[in-house]
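K.L.:
sequence first, predicted model second:
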Amino acid sequence: MLAIVTDSTCALTRHEAELLGVEVVPMTYIVDGRRLREQPLGENGDYAQTLENAASATTEAVRTLAFAKAFQRQLKAGNDVLCLTISSRLSGTYRSACEAAAICNGPRGNDDVHVEIIDSWCTAGALEFLVRASCMLARQGSSLDDIVRSITELRAGQQIVFSVPDMSVLRGSGRLGAMRQSLGTVLNRYPVMHLSEGAVEPLCRARGSRGVARAMVEAAPPDASQFIISHFGERGIELHHLMLELRDRFPRATVHVKDGGPVLAVNLGLGSMGLAWEQPA
């Protein structure tokens, strides 16, 4: 059998992970020197208030040992393992997973189980869509090698767009790279960004929360039918505008609204929001 492993930025609930048969390895965030493990969706308490009151907050990639333990549990159960992680351009988690796979993988024989790692090039709702696609392929009986090929192809078209209310948090996270000087908010105009092969890239600028919502929805292909909205902290008027824009352009689409969790909130800032859609077949 095949076991799917991912990290907690995919924002699955405990029940969703159990139904899918997915093992979620928690990432860590550090608030005023206190290390906290990110819990499944809905189990992180009032993290927004905690971050709002914090003097300092940072995040930490999943450690190699945590992945190795998860992989070894599955291998001992006789399962092959496919691990999908947050983009390697956003976190060292992918590197940790690769190091753990190198520890756990033995010589590949006809009957040997083994571990494969995929850098998803994304996170949040986009990572969830890839995890669900992997689970569906596994249920259909696809081999691990076939699933790796399929998901590697699928990730190239998987998209997530997002906007932040304050660029200083994203700048401070170090995820902007060479673009850090070109992005900012000017006269109520906000940058809308997306991930391109896992790296943060500008998409456009939009005026006000309605304009941001419209720009995010316009980035989706016309045949998209499944969306995940990620919000970070309390739901605000920005989320309301995004939902209205989605309902106007995609009236028949299925839309799930999820809290994106504390780890991404630390790096994006409270009040940020993202939009991912399932890549149409």
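P.N.:
Received the coordinates, thanks.

K.L.:
now the strands for the stretch 101-250 of the chain?
P.N.:
Ranges of strands within the stretch 101-250 of the chain are 115-119, 159-163, 189-196, 199-207, 226-231, based on DSSP state E, counting those that start in this stretch.

K.L.:
go through the ones you listed and name the closest to W277.
P.N.:
Among the strands of the stretch 101-250 of the chain, the nearest to W277 by Cβ to Cβ is strand 226-231 (5.0 Å). For the C-beta atoms, the positions are set from N, CA and C on the backbone; glycine is no exception.

K.L.:
that closest one - what's its average pLDDT?
P.N.:
Strand 226-231 comes out with an average pLDDT of 97.

K.L.:
what of stretch 64-79?
P.N.:
pLDDT averaged over stretch 64-79 gives 96.

K.L.:
one step back: just the strands of the stretch 101-250 of the chain: most buried one?
P.N.:
Ranked by average neighbour count under the criterion mean count of other Cβ atoms under 10 Å, the strands of the stretch 101-250 of the chain are headed by strand 159-163 at a mean of 24.

K.L.:
so how far is N267 from S91?
P.N.:
9 Å (Cβ to Cβ, to the nearest Å).

K.L.:
where do the contact lists of the two overlap?
P.N.:
Taking Cβ atoms under 8 Å, 6 or more residues apart in numbering as the contact rule, S91 and N267 both touch T59.

K.L.:
quick one on the thing from earlier: now the strands of the stretch 101-250 of the chain as CSV including distance to T58?
P.N.:
Output for the strands of the stretch 101-250 of the chain, formatted as CSV (distance: least, Cβ to Cβ, whole Å):
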stretch, distance to T58
strand 115-119, 22
strand 159-163, 20
strand 189-196, 21
strand 199-207, 18
strand 226-231, 20
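
K.L.:
so which of those strands is nearest E153?
P.N.:
strand 115-119 (11.0 Å).

K.L.:
for G260, which residues are in contact?
P.N.:
The neighbourhood of G260, defined by Cβ under 8 Å, 6+ apart, consists of 9, 11, 124, 230-232, 268, 272, 274.

K.L.:
again, but for D7
P.N.:
Residues counted as contacts of D7 (Cβ under 8 Å, 6+ apart) are 24-27, 62, 85-86, 93.

K.L.:
could I get the full set of helices for the stretch 1-150 of the chain?
P.N.:
Secondary structure of the stretch 1-150 of the chain (DSSP state H, counting those that start in this stretch): helices at 14-20, 47-52, 64-76, 93-104, 124-139, 144-155.
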